[in-house]
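return atomic coordinates for the entry below.
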Amino acid sequence: MLNRHLCGALAELGHGDGVLVCDAGMPIPDGPRVVDLAFRAGVPSFAEVVEGLLEELVVEGATAASEVREANPAAARLLTGHFTRLAYVPHEKLKELSAGARPVVRTGEARPYANVLLRCGVFF
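Here you go, the predicted model:
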């Protein structure tokens with residue numbers, strides 16, 4: 001991974017910590033460390049960031065907004081392809097849960113509801 005801010009944030013994670021991967025439009029609450037990868041609209045994509053993080057992390061659970069299924073079918077397919085037991089909550093609840101994320105990773109994605117909260121597992 002080339003981004004030193006993201007590498008540092010991932011190195012600090014422990015079992016059960018949350019990582020929010022979000023689109024450029026997700027409101028980010030005060031508090032969590034933010035690693036902003038957005039370069040321009042669509043760069044990097046939500047898919048690129050999620051797939052890159054999955055190479056670096058053990059994820060034991062994931063939560064997405066229930067609205068993703070209708071509003072962004074491509075993101076929904078990506079998430080269900082990676083997480084067999086993906087949990088869904090209303091988007092407003094996902095925004096509340098994001099306050100506890102460490103870190104928030106902002107992508108350049110410009111499509112709605114391209115957001116997921118990952119719960120870290122352990123490597124052993």
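
this protein: helices as residue ranges?
For the chain, the helices defined by DSSP state H cover 4-11, 46-56, 68-71, 73-82, 91-97.

what bridges to the residue sitting nearest the centre point of the chain?
By C-alpha atoms, centre = their mean, the chain has its centre lying nearest to Val21, at 1.9 Å. Using DSSP bridges, the bridge partners assigned to Val21 are Val105, Val116.

settle this for me: it is touching Val49, isn't it.
Yes - between Val21 and Val49 a contact is recorded at 5.6 Å, counting by C-beta atoms under 8 Å. All C-beta atoms are positioned from the backbone trio N, CA, C, and that covers glycine.

now the common contact residues for those two.
By C-beta atoms under 8 Å, 6 or more residues apart in numbering, Val21 and Val49 have these common neighbours: Val105, Thr107.

and the gap between the closest residue to Asp17 other than its chain neighbours and Leu54?
Excluding the flanking residues, the one nearest Asp17 by C-beta to C-beta, 6 or more residues apart in numbering is Cys120, at 4.8 Å. Distance, Cys120 to Leu54, by C-beta to C-beta, to the nearest Å: 12 Å.

what's the longest strand in the chain?
strand 59-65 (DSSP state E).

direction included, what does that strand pair against?
strand 87-89 (parallel), strand 116-120 (antiparallel).
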